[in-house]
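J.: I'd like to go over a predicted model; first the sequence, then the structure.
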Amino acid sequence: MSTAPPNGFRKARYTHDDGTDYATIFTAEYAGREFATDTFATADTRYEYTMVGDDDLTLRSMRALGGRRGGVIGPRTDHVVFWLTAGELEMHFPDRTRVVRPGTPYVASASEAYRFESSGTVYHGIHIADAFLREVGRQLGFRLPDGPLLFDQQDEAIARREPLRHLIRELQGSLLDDRVTGPMRTALNRRLATVVLDTFPIRNRGEDVPVANRLRDAVRFIEEHAAERPSVTRIAAACGLSERGLQEVFARTMGTTPRRFLRDHRLDRARDELLQADDPSVGMVANHWGFTNPGRFARDYRERFGEDPATTRRDRSNPRVRAAVTFIEQHLDGRLTVASIAEAAGVRPRRLQQLFRAEHGTTPTEFVADLRRRKAATGALADTH
């Protein structure tokens with residue numbers, strides 16, 4: 001069960017196997033029943049809840065397989081940013097209903113109450129104390145509302161980059177280490193809180209535009225104008241930040257510089273074109289994305305993808321198979337059949353079977369099963385939070 005050493009760092013694990021009642025998770029971790037009411041898990045639910053962290057920030061995971069669970073979550077002292085890797089979660093607020101599915105992160109602001117229902121979900125997230133998040137925001141120079149701190153959801157342009165999940169993976173070893181305490185742990189927590197503040201827009205800011213919106217505009221501008229190789233000055237002007245401000249927000253949240261981000265995006269688009277065009281010339285593709293030095297393009301391409309652009313062009317797969325794989329990856333947590341995959345790829349099921357045998361040495365069904373096993377293994381590793 002839970003341990004609480006003097007430094008405030010603690011770990012806890014609750015599971016149906018040790019006889020823990022589902023409601024106990026909420027009463028034990030949130031100091032009373034007033035936080036959550038009507039919590040339930042049907043008898044056939046198998047669940048495991050883990051948490052690690054301190055009073056400022058904790059990482060949490062919930063694996064709840066089979067059955068259904070739900071309850072009413074009241075106002076809290078912490079904000080929750082989470083994502084699912086399996087299942088579906090319905091959140092019913094007084095003025096709206098939100099269905100959360102695997103992939104996209106979601107923020108639940110501390111002051112907002114909601115009723116939830118879910119089944120077969122695997123949940124990962126961080127809980128950040130409102131007081132700590134406000135402190136970090138003030139240190140960053142953010143203009144915060146006097147009332148409740150409310151967040152909007154991440155823009156899709158930012159969500160697909162997964163900055164928070166990338167940072168959690170980078171810091172995971174230290175975050176799980178109970179020897180990392182005091183100022184060291186606070187510094188780690190501050191890095192995570194900063195990414196949350198930089199990527200989830202704060203509401204009720206009046207005419208002040210949230211930094212999260214500025215970052216969104218910068219990323220969108222880069223994506224839309226990548227082939228033109230816009231300067232940092234031009235990107236900064238497009239999103240309404242100074243060049244220094246742009247450099248700072250990219251460094252602390254995206255882990256790179258605007259110039260490097262632009263270069264990597266151009267490389268990604270060049271690779272897509274090499275894989276998808278009917279008869280792509282490496283030189284033509286490089287020029288299209290603003291790479292005028294063939295040697296430097298090849299060097300940067302190898303650094304990012306581990307192979308030469310000519311190798312990518314030579315070994316590119318059948319476009320029908322690529323379409324099928326993309327469809328599978330996008331719907332991995334849903335119901336997939338050979339017929340639905342074949343329809344998405346634009347071929348007959350029998351032809352899809354032949355193409356997968358030729359290219360992957362397996363069937364579409366076996367390919368899906370293998371991807372799901374690998375994803376489950378990755379999720380199990382993440383559950384060590």
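T.: Thanks, I have it. Numbering: from 1, shown residues only.

J.: in this protein, what spans have low per-residue confidence?
T.: For the chain, the stretches with pLDDT under 70 are 1-7, 28-36, 206, 278-279, 315-317, 377-385.

J.: spatially central, which residue of it would that be?
T.: Of all residues in the chain, the one closest to the mean position by Cα atoms, centre = their mean is Glu162, 4.0 Å from it.

J.: burial count for the closest residue to that one other than its chain neighbours?
T.: Sequence neighbours aside, Pro105 is the residue nearest to Glu162 in space, at 7.8 Å (criterion: Cβ to Cβ, 6 or more residues apart in numbering). In short, each C-beta sits where N, CA and C put it, glycine included. Around Pro105 there are 22 other residues, counting by other Cβ atoms under 10 Å.

J.: surely Pro105 and Gln154 touch.
T.: Yes - taking Cβ atoms under 8 Å as the definition, Pro105 is a contact partner of Gln154 at 5.9 Å.

J.: quick check on the residue nearest to Glu162: phi, psi?
T.: phi -70, psi 160 (degrees, to the nearest 10).

J.: tell me who's in contact with it.
T.: Residues near Pro105 by Cβ atoms under 8 Å, 6 or more residues apart in numbering: Val81, Phe82, Trp83, Gln154, Ala159, Glu162, Leu164, Arg165.

J.: rebuild the residues you listed as JSON lines, extending it with distance to Arg138 and secondary structure.
T.: Formatted as JSON lines, those follow (distance: Cβ to Cβ, whole Å; DSSP: H, G, I helix; E, B strand; the rest coil):
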{"residue": "Val81", "distance to Arg138": "20", "secondary structure": "strand"}
{"residue": "Phe82", "distance to Arg138": "25", "secondary structure": "strand"}
{"residue": "Trp83", "distance to Arg138": "27", "secondary structure": "strand"}
{"residue": "Gln154", "distance to Arg138": "22", "secondary structure": "coil"}
{"residue": "Ala159", "distance to Arg138": "26", "secondary structure": "helix"}
{"residue": "Glu162", "distance to Arg138": "27", "secondary structure": "coil"}
{"residue": "Leu164", "distance to Arg138": "21", "secondary structure": "helix"}
{"residue": "Arg165", "distance to Arg138": "26", "secondary structure": "helix"}
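
J.: from the residues you listed, pick the one nearest Glu48.
T.: Glu48 lies nearest to Phe82 out of the contacts of Pro105, by Cβ to Cβ, at 15.7 Å.

J.: quick one: the closest one and Asp333, what's the gap?
T.: 16 Å (Cβ to Cβ, to the nearest Å).

J.: how about Ala131?
T.: From Ala131 over to Asp333 the distance is 36 Å, taken as Cβ to Cβ.
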